[in-house]
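Asks: no FASTA, just this:
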């Protein structure tokens, strides 16, 4: 994984509980690439903080991000606004009795004041009210605890295969335009009023191998594809066939290595003076 410094920016867009509450999407999320673990390991390496007592995972989705957080915590709690996601998350981590899940919004959930040693939010902040979220995290996270905010997404890069990049720009984004989401980057001054210090912001570049069928399954749950299927009524089978037809010349029945890009921000809860 290659990481480099990312410059700072701002955020906040409210998500409704229907946006990710479809059973098809929730089931698909549990088979997403488990790249969350690499982000957590990089955080450990950068901060020197290797273990925590209680971790809170905001917007846990199908539970992969909570599973990664649990690797460095004695106990982890995963929360999501979607009951369907929580149902799937409980299936994903059913064997670990030290992971607990419940439905709740990032802005309003409570586990008690000063309880969490670390909180993570993977792919969640685009959908939340930043001010209410940070005020809530200030209450929940212990002094000198961490808030780790990160996200990553499939990019237009396939290792050694420029035909994929051409497909991405000439076919994919035209067929499935990206819906609006607030992607402003938080700045130091955005978090200081809420009791946090931005200690580091890094850019993520991670690689993952897909065969064509697995890649199509992954693409079928992307937000821009979901918009066509679940909101505009395009048939799922039609979309799947479109991917198969246009990607076959690129994959040619071989595994291909795709690049995921993203970011990771380390926020430290300030000690009271």
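Replies: That came through fine. Predicted, not measured: the structure shown is a model, and the values here were computed from it.
Asks: mind listing the strands for the stretch 151-273 of the chain?
Replies: For the stretch 151-273 of the chain, strands defined by DSSP state E, counting those that start in this stretch occupy the ranges 196-210, 256-269.
Asks: just name the most buried of those.
Replies: Ranked by mean neighbour count under mean count of other CB atoms under 10 Å, the strands of the stretch 151-273 of the chain are led by strand 256-269, which reaches a mean of 20. Glycine gets a C-beta too; all of them are placed from N, C-alpha and C.
Asks: each with direction, which strands does that strand pair with?
Replies: Counting by DSSP bridges, the strands paired with strand 256-269 are strand 141-158 (antiparallel), strand 196-210 (antiparallel).
Asks: what mean pLDDT does it have?
Replies: Averaged over strand 256-269, pLDDT sits at 97.
Asks: on that earlier part again, kindly reformat the strands of the stretch 151-273 of the chain as JSON lines containing distance to residue 91.
Replies: Output for the strands of the stretch 151-273 of the chain, formatted as JSON lines (distance: least, CB to CB, whole Å):
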{"stretch": "strand 196-210", "distance to residue 91": "22"}
{"stretch": "strand 256-269", "distance to residue 91": "24"}
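Asks: which ones are touching residue 27?
Replies: By CB atoms under 8 Å, 6 or more residues apart in numbering, the contact set of residue 27 is residue 88.
Asks: can I assume it sits in a strand?
Replies: No. Residue 27: not assigned to a strand; according to DSSP: H, G, I helix; E, B strand; the rest coil it is helix.
Asks: distance check, it against residue 89.
Replies: Counting by CB to CB, to the nearest Å, the separation of residue 27 from residue 89 is 12 Å.
Asks: equivalent analysis for residue 134, please.
Replies: Taking CB to CB, one finds residue 134 at 24 Å from residue 89.
Asks: equivalent analysis for residue 111, please.
Replies: 16 Å.
Asks: around the nearest residue to residue 120 once chain neighbours are set aside, how many other residues sit close by?
Replies: Among residues not flanking residue 120 along the chain, residue 148 sits closest, at 4.6 Å (CB to CB, 6 or more residues apart in numbering). The burial count assigned to residue 148 is 21, neighbours taken as other CB atoms under 10 Å.
Asks: and what of residue 107?
Replies: The number of residues near residue 107, taken as other CB under 10 Å, comes to 18.
Asks: ditto for residue 39
Replies: 26.
Asks: repeat that for residue 62.
Replies: Around residue 62 there are 30 residues (other CB under 10 Å).
Asks: any idea how far residue 34 is from it?
Replies: The value you get for residue 62 to residue 34, if CB to CB is used, is 11 Å.
Asks: thinking again about what came up before, wait, which of the strands paired with strand 256-269 is closest to residue 167?
Replies: strand 141-158 (8.8 Å; CB to CB).
Asks: pull out the buried positions in that closest one.
Replies: 141-142, 145-152, 154-155, 157-158 (16 or more other CB atoms under 10 Å).
Asks: and stretch 40-47, by the same measure?
Replies: 40, 42, 43.
Asks: among those, which are located in strands?
Replies: Among the buried residues of stretch 40-47, no member falls in strands (DSSP state E).
Asks: possible to save those as TSV with pLDDT and distance to residue 259?
Replies: Listed next are the buried residues of stretch 40-47 as TSV, based on pLDDT from 0 to 100; distance: CB to CB, whole Å:
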residue	pLDDT	distance to residue 259
40	97	20
42	96	16
43	97	20
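Asks: specify which member of those residues is nearest to residue 99.
Replies: residue 40 (14.4 Å).
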